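Asker: One predicted model, sequence on top.
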Amino acid sequence: MMSIYLLASAMAAASPAAPADAATIAAIEATCFDYIDGQLEGAPDRVARSLHPDLAKRAVIGDTPYERLGLRRMTKEELVNLTRNGALKTLREKWDRSCRVLDVTDSAASVRLETPWFVDYFHMGRFDGKWIIVNALWYSKPKT
């Protein structure tokens, strides 16, 4: 009897999740676009509302004299301040960005944001019905 239970549990775990509905995908994409469009507009409040207060934004830098497996770390406050200072401010006609939802559950999503300058991989969480960026791993694109 136990083997039947274990087999049923394994099959249930291996079953793909139902695809997210269009409204959920649109809400996740809206958070992604709020984040990047806020940066491109130089609108720190718009960026801030898309980020979890305990945001972990990181980029791989590799081994350094001070750290093995080094990461460049950025907090929500640092990111909002960069936006306030116009770090990515860009004329609207030069905006080139895309957000692609990679995976969604009821309360978590994985998203890929691409611009001409960088790629971000986001983990988002749904809090009180609103999607928020919790983690971001990013890399700079090679300059061409």
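Answerer: In hand now; what should we look at?

Asker: so what's residue 109 up against?
Answerer: In this structure, residue 109 makes contact with 20, 28, 101, 102, 103, 122, 123, 124, 125, 126, 131, judged by Cβ atoms under 8 Å, 6 or more residues apart in numbering. Backbone N, C-alpha and C define where each C-beta goes, glycine included.

Asker: So which of these sit within strands?
Answerer: In this view, those that belong to strands under DSSP state E are 101, 102, 103, 122, 123, 124, 125, 126, 131.

Asker: ok, and for the longest helix along the chain, which residues are buried?
Answerer: Secondary structure of the chain per DSSP state H: the longest helix is helix 22-41. Buried residues in helix 22-41, counted by 16 or more other Cβ atoms under 10 Å: 24-25, 27-29, 31-41.

Asker: Can I have the buried ones of the contacts of residue 109 as a PyMOL selection?
Answerer: Command for PyMOL, covering only those of those found buried under the criterion 16+ other Cβ under 10 Å:
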select buried, resi 20+28+101+122+123+124+126+131
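
Asker: Let's have the contacts of residue 109 in TSV, adding distance to residue 77 and pLDDT.
Answerer: As requested, the contacts of residue 109 are arranged in TSV below (distance: Cβ to Cβ, whole Å; pLDDT from 0 to 100):
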residue	distance to residue 77	pLDDT
20	31	85
28	24	98
101	27	98
102	27	97
103	28	97
122	18	98
123	19	98
124	19	98
125	19	98
126	23	98
131	21	98
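
Asker: for the most centrally placed residue in the chain, which residues make a bridge with it?
Answerer: Among the residues of the chain, the one closest to the centroid is residue 122, at 1.9 Å (Cα atoms, centre = their mean). For residue 122, the beta-bridge partners under DSSP bridges are residue 111, residue 136.

Asker: That one is in contact with residue 136, isn't it?
Answerer: Yes. Contact criterion Cβ atoms under 8 Å: residue 122 and residue 136 qualify, at 5.3 Å.

Asker: That's all I had, so thanks and see you.
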